[in-house]
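S.K.: this is a predicted model, with the sequence first.
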Amino acid sequence: MKKTRVVLAVIVAAGVVWTGSAWYVGKEARRVISDGVAQANERVVTMLGPDLNSSHFRIEIRDYEQGIFSSSVRYAVHTVDSDGKPMEYLLQDQLQHGPFPLGAIRAGDFAPMLAYSRAEMVVTPDVREWFGDEPGQVPFRAETRVGFAGTGRSDWTFAPFEFVHDQRRVSFSGGHVQLEFTGGVNNNVGTGHFDRYSLIDSAAGEHLELRDISLDSVTRQLADRHVEHNSSAQVKSMAFWVAGDMKPAMVEGLDVVLSSTQRDRLLDAGIRYEAGRILVDDTDLGKMTAAASINRLDVPALTDLQTRYADMAREVGRDTLLEFDLSPEQQAQLQEALRLVLAPGPTLSVDALDWTNASGALRAAASVSLRDPGDVETDHSVQLLRELIEQADLELSVDRAMVVELFRQVVGRDADDREQAGELGGMLFDDYAALLSGIGLMTLNNGTLGMSLQALPGQDRVVLNGETLTTEQLMILALGLMLL
């Protein structure tokens, strides 16, 4: 009898401890989730500016019903479509509390954890338009494990779909993304893969198709309000063509790399494209690399400038893409907002533009550093450039052999045509090379036409191919070229 009482007491005690632990862990999980959503929204604000109506993205916890062993959570993701129409996507999450959630145990994971989440997208009318009415179809599903130390893993599954609207057909194979995080959303490593994506615009006769898409990303929070992000996408093949108007173009081995560092208000970001091989109607045009970057960009100041201009456009009922007359007061407001964007000295660069075929290459690089021009009271373009541009640089080179090979491949149809096309390309190159090198705008060395330009408008100094000119002399030279 005493043993029975002891056993019962142990069972009751264990139940009390288990219930208390689950309740406490559930409370802690709610705090972590709320902090995570706030952190994600803050990250969006940091990247895109303080006006969420301009950034068009926000996550909201719509409902949170906390129980002892589990909770029911509904999230709302606010965004806009390509036409600017507000969109809302709902996620329903059945959250099981630790330390040993039953769902994780059933999945074979016996490690103690804070919470185990299985979230699914709710099929609203907007979502049904994409995925149809097929019973049991779940457009998006996420399974997430959150550990006590702030670490965790989330697996996302995207369902395939076919969508037709306004003569546009979108086809998506579905795919999978895995995210591992430590210390919140600002410290994570992600990977993903999708087999196929295609877009057909019947009205324009355009067709775009991407196959075998892989994604990788790393985000790290180095300090408070200091986040570093690196991501890449590898596409095995990308095909594009316009019905009846152009030969099919295909890119094989497309790599896209994006990197950014955000510290407080300032953003440094760069993007790089590498095309391993470019084919037009089965003709190999070589490979291409393009890289661009921007540094010291005050994102909140830029967002404020855009918002002010959009508000002014709405007041007169005009599209922001169209010009309209500004009052002196509006001009002063925009000028003051622009000065805040220019105050850090942003730099815009084309770091590399390389096109290489079997015989030669075209290479280019350019950059411009801007500055706050102060109170500008002149409409003279030369004076305005002197005040606005700190420095501008341009490097350009074109190989004669590259142009000849390009004409042979693109214009020529058979062996005789290719030779004639190559001769035509060489003649055109020689004519332009003689003209441009003759007036000193470019140089010609060993079959390569090149230009090196460094402009310092504030000092009224331009260095062109090693020769120092004034800004006015350069403009006269350019005007003379236009008149030839």
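M.R.: Perfect, I can see it now.

S.K.: flag the shaky bits of the stretch 351-484 of the chain, pLDDT-wise.
M.R.: Scanning the stretch 351-484 of the chain for pLDDT under 70 picks out the ranges 376-385, 412-415, 479-484.

S.K.: pLDDT of the helix or strand hosting residue 334, averaged?
M.R.: Assessed by DSSP states H and E, residue 334 sits inside helix 328-342. Taken as a whole, helix 328-342 has an average pLDDT of 88.

S.K.: just stretch 195-204 next, same as before
M.R.: Mean pLDDT, stretch 195-204: 88.

S.K.: what does stretch 76-84 give?
M.R.: Per-residue pLDDT over stretch 76-84 has a mean of 73.

S.K.: mind listing what the residue nearest the centre of the chain touches?
M.R.: The centroid of the chain falls nearest to residue 258 when counting by Cα atoms, centre = their mean (7.1 Å). Residues counted as contacts of residue 258 (Cβ atoms under 8 Å, 6 or more residues apart in numbering) are 229, 230, 231, 232, 269, 270, 271, 272. Placement of C-beta: from N, CA and C, glycine included.

S.K.: and the gap between it and residue 269?
M.R.: Distance of residue 258 to residue 269, given as Cβ to Cβ, to the nearest Å: 7 Å.

S.K.: ok, now residue 308?
M.R.: Distance, residue 308 to residue 269, by Cβ to Cβ: 23 Å.

S.K.: confirm for me that residue 308 is in contact with residue 334.
M.R.: Yes - between residue 308 and residue 334 there is a contact at 6.3 Å, judged by Cβ atoms under 8 Å.

S.K.: tell me how far residue 202 lies from residue 250.
M.R.: Separation of residue 202 from residue 250 (Cβ to Cβ): 21 Å.

S.K.: show me where the stretch 301-450 of the chain has helices.
M.R.: Taking DSSP state H, counting those that start in this stretch as the criterion, the stretch 301-450 of the chain carries its helices at 328-342, 381-388, 400-410, 415-438.

S.K.: residue 298 contacts residue 339, doesn't it?
M.R.: No - in this structure, residue 298 is not within contact of residue 339 by Cβ under 8 Å, at 10.7 Å.

S.K.: and those two? which has more neighbours close in?
M.R.: Ranked by neighbour count (other Cβ atoms under 10 Å), residue 298 and residue 339 place residue 298 first, with 20 against 17.

S.K.: quick one: contacts for the more buried one?
M.R.: Applying Cβ under 8 Å, 6+ apart to residue 298 gives the contacts 265, 266, 267, 340, 341, 343, 344, 346.

S.K.: one step back: looking at the helices of the stretch 301-450 of the chain, which is buried most?
M.R.: Greatest average neighbour count among those goes to helix 400-410 (a mean of 21), per mean count of other Cβ atoms under 10 Å.

S.K.: given the helix or strand containing residue 94, what are its sheet partners and their directions?
M.R.: Applying DSSP H and E as the criterion places residue 94 in strand 86-97. Here strand 86-97 is paired, per DSSP bridges, with strand 70-80 (antiparallel), strand 115-121 (antiparallel).

S.K.: looking at the ones you listed, which is nearest to residue 39?
M.R.: Ranking those by proximity to residue 39 (Cβ to Cβ) places strand 70-80 first, at 14.3 Å.

S.K.: next one: that closest one to chain centre, how far?
M.R.: Strand 70-80 sits 24 Å away from the centroid of its parent chain (Cα atoms, centre = their mean, to the nearest Å).

S.K.: and that strand, C-alpha only, in PDB?
M.R.: Below are the C-alpha coordinates for strand 70-80, written out as PDB (Å, rounded to 0.1, in the frame of the first residue of the first chain):
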ATOM      1  CA  SER A  70       0.800  23.800 -27.200                       C
ATOM      2  CA  SER A  71      -0.200  27.100 -28.700                       C
ATOM      3  CA  SER A  72      -2.100  28.200 -31.800                       C
ATOM      4  CA  VAL A  73      -0.500  31.100 -33.700                       C
ATOM      5  CA  ARG A  74      -1.700  32.900 -36.800                       C
ATOM      6  CA  TYR A  75       0.700  35.200 -38.700                       C
ATOM      7  CA  ALA A  76      -0.100  37.800 -41.400                       C
ATOM      8  CA  VAL A  77       2.500  38.700 -44.000                       C
ATOM      9  CA  HIS A  78       1.700  42.100 -45.600                       C
ATOM     10  CA  THR A  79       3.100  42.900 -49.000                       C
ATOM     11  CA  VAL A  80       2.100  44.200 -52.500                       C
END
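
S.K.: sorry, back to before: hey, what's the residue nearest to the centre of the chain bridged with?
M.R.: For residue 258, the beta-bridge partners are residue 231, residue 271 (DSSP bridges).
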